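>>> Sequence and predicted structure, then a few things I'm wondering about:
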Amino acid sequence: MYSLELSLRYSPFPLSIQKKELEDAKKIYDEIKHSMNDNVETSNLIELRCDKVQDKLIAVRAQEIISVQIYEKSSSATGAKKPGFSLNLD
């Protein structure tokens, strides 16, 4: 399962959905990146559907998205791989 996480302007909490296939997650990621690059004057609305929770739908304005990331959801609760960016200072 792959998680796609959005950070929104003025919101401390990210929005996320899960996709079963990496290709599906990458397609949405590319669509969001394209919408973020579009002219700010146009208000593109992006609708996202979650594969894990079938009734979960998210609609967000592209101009409010400040970052987007994809990461693989680990099957173990204590997975070593965390979302986001971090420094590994071993």
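In hand now; what should we look at? Computed from a predicted model, the values in this text were never measured in an experiment.

>>> Between its first and last residues, what's the separation in stretch 52-66?
End-to-end distance of stretch 52-66: 24 Å, with CA to CA, to the nearest Å as the criterion.

>>> contact partners of that stretch?
1, 6-9, 15, 17-18, 32, 35-36, 38, 40, 43-50 (CB atoms under 8 Å, 6 or more residues apart in numbering). Yep, even glycine has a C-beta here, placed from its N, CA and C like the rest.

>>> I'd guessed Leu4 sits against Ile70; true?
Yes: when contacts are counted by CB atoms under 8 Å, Leu4 is listed as touching Ile70 (5.5 Å).

>>> Tell me the residues that contact both of the two, please.
Common contact partners of Leu4 and Ile70 (CB under 8 Å, 6+ apart): Ala25, Tyr29.

>>> neighbour count winner among those two?
The neighbour comparison of Leu4 against Ile70 (other CB atoms under 10 Å) goes to Leu4, with 22 against 15.

>>> just to confirm, which helix or strand has that one in it?
strand 2-8 (DSSP states H and E).

>>> which helices and strands does that strand pack with?
strand 15-19, helix 22-37, strand 65-72 (3 or more CB pairs under 8 Å, 6 or more residues apart in numbering; DSSP states H and E).
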